[in-house]
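1. below is the sequence, then the predicted model.
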Amino acid sequence: QVQLVESGGGLVQAGGSLRLSCAASGRTFGNYPIGWFRQAPGKEREFVAAINWRGGSAYYADSVKGRFTISRDNAKNTVLLQMNSLKPEDTAVYYCAASGSLYVPNYRTTDSYAYWGQGTQVTVSS
């Protein structure tokens with residue numbers, strides 16, 4: 001079992017930066033790929049970024065590629081999402097999620113992840 005808690009959200013002006021943190025409890029955290037998703041009001045939850053269990057491979061949505069960076073520190077049970085050059089369209093609730101297995105068939109789909117945090121609000125003003 002893995003419990004996830006996101007933090008670091010807030011209000012920022014366009015062009016600014018935020019760093020989201022996903023803190024996990026559970027001994028097997030280091031075995032699981034981790035994903036970040038976001039959901040804006042009235043929209044479906046969408047993939048943002050993911051990282052494999054070793055941290056050697058990262059995957060990004062086209063909309064954030066080059067602006068966001070995902071990283072993990074398994075010793076600290078933490079995954080970070082550094083968000084730079086933020087845009088108003090990045091406004092959403094951001095969720096981190098952990099898979100329930102070492103490998104997932106598709107990092108970009110919500111059904112690849114078994115454990116979810118409660119989310120943290122990111123608001124980017126224009």
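-> Here it is on my side, so go on. Numbering: from 1, shown residues only.
2. C-alpha from now on. contacts and neighbour counts both.
-> OK.
3. state the distance from the residue most central in space within the chain to residue 103.
-> By C-alpha atoms, centre = their mean, the chain has its centre lying nearest to residue 36, at 2.2 Å. Remark: distance between residue 36 and residue 103 (C-alpha to C-alpha, to the nearest Å) = 16 Å.
4. average pLDDT across stretch 14-25?
-> Confidence for stretch 14-25, expressed as mean pLDDT, is 96.
5. then stretch 76-91?
-> If you average the pLDDT values across stretch 76-91, you get 96.
6. show me the contact partners of that stretch.
-> 13-25, 29-30, 34, 36, 40, 67-73, 121-126 (C-alpha atoms under 8 Å, 6 or more residues apart in numbering).
7. can I get the buried part of those residues as one ChimeraX selection?
-> Per 16 or more other C-alpha atoms under 10 Å, the buried members of the contacts of stretch 76-91 correspond to this ChimeraX selection:
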select :14,17,18,19,20,21,22,23,24,29,30,34,36,40,68,69,70,71,72,121,122,123,124,125
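8. okay, stretch 83-99 in PDB with CA atoms only?
-> Once side chains and other backbone atoms are set aside, the C-alpha atoms of stretch 83-99 remain, and they are given as PDB (Å, rounded to 0.1, in the frame of the first residue of the first chain):
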ATOM      1  CA  MET A  83       7.300  23.700 -13.500                       C
ATOM      2  CA  ASN A  84       8.900  26.600 -15.300                       C
ATOM      3  CA  SER A  85       7.500  29.200 -17.800                       C
ATOM      4  CA  LEU A  86       4.000  28.600 -16.500                       C
ATOM      5  CA  LYS A  87       1.000  29.500 -18.600                       C
ATOM      6  CA  PRO A  88      -2.600  30.200 -17.600                       C
ATOM      7  CA  GLU A  89      -3.600  27.000 -19.400                       C
ATOM      8  CA  ASP A  90      -1.500  25.100 -16.800                       C
ATOM      9  CA  THR A  91      -4.100  26.000 -14.200                       C
ATOM     10  CA  ALA A  92      -5.500  22.800 -12.700                       C
ATOM     11  CA  VAL A  93      -5.400  20.500  -9.700                       C
ATOM     12  CA  TYR A  94      -2.300  18.400 -10.000                       C
ATOM     13  CA  TYR A  95      -2.200  14.800  -8.800                       C
ATOM     14  CA  CYS A  96       0.600  12.400  -8.400                       C
ATOM     15  CA  ALA A  97       0.000   8.700  -8.800                       C
ATOM     16  CA  ALA A  98       1.900   5.500  -8.200                       C
ATOM     17  CA  SER A  99       1.500   2.300 -10.200                       C
END
